[in-house]
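J.: Predicted model, plus sequence, below.
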Amino acid sequence: MKLGVNVDHVSTLREARGTLYPDPVEGALLAESAGCDSIVAHLREDRRHIKERDIIGIKEAIKIPLNLEMSVNKNIVSFAQEICPYQSTFVPERRQELTTEGGIDLVKNYKKVYDVIKKLKKSGIRVSLFIDPLIVQIKAAKDLGADIIEINTGRFSETKTVRSSEVEIRKITKAAIFSKKQGFFVSAGHGLDYENVKEISKIEEIEELNIGHSIMSRSVFVGIVSAVREMFFLIGK
Ligand code: PXP
């Protein structure tokens, strides 16, 4: 199992006071030194945490792959083409949301996503699509020529009962198996923490987890290196 560490919330802390610290570049370097496999950062349309300068700084500083999460916004797509991250992950965005609320609907947004995938692939960027665990979405991702599927674990992470958690795990497992059969590299993420990650990491077809908020929250008490390593232990890395 690989682990991508999302450093958005290092910037959230910085933005809370409008200071220059803490720096997500330093956060990314610490996560890299702990042994994670990639750094994830979301350049949101409202720039509420990560800014362009953070992405540029992270890309220059790290040796492991950068996974840039983004919407299909024209300016952000142009920025991605300029800086060429190892990977771009398309996510839907709503201004008012606290965090990403669901996977991108590839059926509804087929043409828009098709156009941006074409642009990014031309620039040599691997494309990942963040989707809900639905066969219809995986089929659309296949038609669109994506390289990677990131299965949204958000709904699973919000379940309050064993029964509903089992229902969501079954959906995610089914989606992971189907994605793998289609030839995708299969990742998953959103809302994963030190408790719920164990169930997800049991799904063999999932090759990578992308985790941010819980790791950064734990880092407040034990530091980024220890927080990342504690997560390694839980996911069997
Ligand atoms: N994967 C995707 C596609 C995301 O949008 C996010 C949040 O930016 C994450 C993973 C990480 O989610 P969390 O911060 O809840 O771990």
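T.: Structure received.
J.: make it CA atoms for all contacts and neighbour counts henceforth
T.: Will do.
J.: Give me the contacts around the host helix or strand of E230.
T.: Assigned by DSSP states H and E, E230 falls within helix 224-235. Residues outside helix 224-235 that contact it (Cα atoms under 8 Å, 6 or more residues apart in numbering) are 1, 3, 5, 27, 30-31, 33-36, 194, 197-198, 201, 215-216, 218-219.
J.: Give me the buried stretch members for that helix, please.
T.: I224, V225, S226, A227, V228, R229, E230, M231, F232, L234, I235 (16 or more other Cα atoms under 10 Å).
J.: do it and the ligand meet?
T.: No: using Cα under 6 Å from any ligand atom, we find that helix 224-235 stays clear of the ligand, coming within 11.6 Å at best.
J.: then that helix to CSV, C-alphas only?
T.: In CSV, the C-alpha atoms belonging to helix 224-235 read as follows (Å, rounded to 0.1, in the frame of the first residue of the first chain):
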residue,chain,number,x,y,z
ILE,A,224,4.5,15.3,10.8
VAL,A,225,7.2,12.5,10.6
SER,A,226,5.6,10.6,13.5
ALA,A,227,2.1,11.2,12.3
VAL,A,228,2.9,9.8,8.9
ARG,A,229,4.7,6.8,10.3
GLU,A,230,1.8,6.0,12.6
MET,A,231,-0.4,5.9,9.5
PHE,A,232,2.1,3.6,7.8
PHE,A,233,1.8,1.2,10.6
LEU,A,234,-2.0,1.1,10.3
ILE,A,235,-2.0,0.5,6.5
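J.: Which elements pack onto the helix or strand in which S165 is found?
T.: Here S165 sits within helix 162-181, counting by DSSP H and E. Applying 3 or more Cα pairs under 8 Å, 6 or more residues apart in numbering; DSSP states H and E, one finds that helix 162-181 contacts helix 135-144, strand 148-152, helix 154-157, strand 185-189.
J.: Thanks a lot, catch you later.
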